[in-house]
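Student: One predicted model, sequence on top.
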Amino acid sequence: MASIKFVCWRVPLAVLSLLAGALLCGAAGAQAVQLVTAEGQKQMLANPGTDVAGPMNADVSIVEYFDYNCPYCKKQVPALKALLAQDPKVAVIYKDWPILGAVSVYAASSALAAGYQGKYLAAHDALISGPRLAKNEQVDAILQGAGVNLDTLKKDRIAHAKEISAVLVRNDEEAHALNLEGTPGLVVGRQLVGGISELSYLTQLVDNSRHGREGK
């Protein structure tokens, strides 16, 4: 089943081309799947700056570019969670790409800072499953409810500001190099799809990757 094309549009920015040579895309069928090069995939997966959801020995990795305030990213959550539950050899790497304003940037930075106390995935799950974020204090309250120590978070947000900024800049450069129009954007193995993808479609893409049928 083809992916449903619903995305949150990103704020127009100058196109960055740092990874364009490694992330060349080509048409791959009527379902609007594009193919990332093997080198591009390697760069995306290397030291992403966040914990991975799923096993470390996964045979198929999914990369998701998302914004905590994107309603379509929130709608993508059940399918990704179901896929992780049913397939023990799939892992998901979340790439924070805050494109919907200052609160989105604060939420992404806070989630990344929570990683320094081993709480990135808890922070991610709480924020992406929660309501639309209207102010920074709301972000803090959600993270506190997820077990994140706010005093430690504040210190880590300051102490690791350069590292957090570097992750967000890298994610933005990758998203631009992939020509993503908005969030969510998924790379399943080497298959790039934009918009919401249903569980059956994700399962198909995983199967393609696992059996060498990417781009066919």
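Tutor: Thanks, I have it. Numbering: from 1, shown residues only.
Student: so Ala111 makes contact with Asp125?
Tutor: No. Checked against Cβ atoms under 8 Å, the pair Ala111 and Asp125 is beyond contact range at 9.7 Å. Yep, even glycine has a C-beta here, placed from its N, CA and C like the rest.
Student: For these two, indicate the residue with more neighbours.
Tutor: Neighbour tally, Ala111 and Asp125, criterion other Cβ atoms under 10 Å: the higher count belongs to Ala111, 30 against 16.
Student: Phi, psi for the residue of the chain most remote from its centre please.
Tutor: Taking Cα atoms, centre = their mean, the residue of the chain most remote from its mean C-alpha position is Asp151, at 26.4 Å. The phi and psi values for Asp151, taken as degrees, to the nearest 10, are phi -60, psi -50.
Student: Buried ones in the strand or helix carrying Leu168, by neighbour count?
Tutor: Under the criterion of DSSP states H and E, Leu168 resides in helix 161-177. Neighbour counts using 16 or more other Cβ atoms under 10 Å place 164, 167-168, 170-177 of helix 161-177 among the buried residues.
Student: C-terminal to the worst-scoring helix or strand of the chain on mean pLDDT, what's the next element?
Tutor: Lowest on mean pLDDT, DSSP states H and E among the helices and strands of the chain sits strand 8-9, with a mean of 68. Downstream of strand 8-9, the next assigned helix or strand under DSSP H and E is strand 34-35.
Student: Closest one to Ser61 out of the buried residues of helix 161-177, please.
Tutor: Glu174 (14.1 Å; Cβ to Cβ).
Student: now the helices: where do they sit in the chain?
Tutor: Applying DSSP state H to the chain gives helices spanning 38-45, 71-86, 102-114, 120-128, 136-145, 150-159, 161-177, 199-210.
Student: tell me what the second one is packed against?
Tutor: Which is helix 71-86. If you count contacts as 3 or more Cβ pairs under 8 Å, 6 or more residues apart in numbering; DSSP states H and E, helix 71-86 packs onto strand 8-9, strand 60-66, strand 90-96, helix 120-128, helix 199-210.
Student: now do 7 Å
Tutor: Contacts defined by 3 or more Cβ pairs under 7 Å, 6 or more residues apart in numbering; DSSP states H and E place helix 71-86 against strand 90-96, helix 120-128, helix 199-210.
Student: Repeat that for the third one.
Tutor: Counting by 3+ Cβ pairs under 7 Å, 6+ apart, the packing neighbours recorded for helix 102-114 are strand 90-96, helix 120-128, helix 136-145, helix 150-159, helix 161-177.
Student: which outside residues touch the fourth one?
Tutor: Same thing as helix 150-159. For helix 150-159, the external contacting residues (Cβ atoms under 7 Å, 6 or more residues apart in numbering) are 109-110, 113-114, 116-117, 140, 143-144.
Student: Pipe those residues into a markdown table and attach neighbour count and pLDDT per row.
Tutor: Below are those laid out as a markdown table (neighbours: other Cβ atoms under 10 Å; pLDDT from 0 to 100):
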| residue | neighbour count | pLDDT |
| --- | --- | --- |
| Ser109 | 21 | 98 |
| Ser110 | 25 | 98 |
| Ala113 | 26 | 98 |
| Ala114 | 28 | 98 |
| Tyr116 | 17 | 98 |
| Gln117 | 16 | 97 |
| Asp140 | 17 | 98 |
| Leu143 | 24 | 98 |
| Gln144 | 13 | 98 |
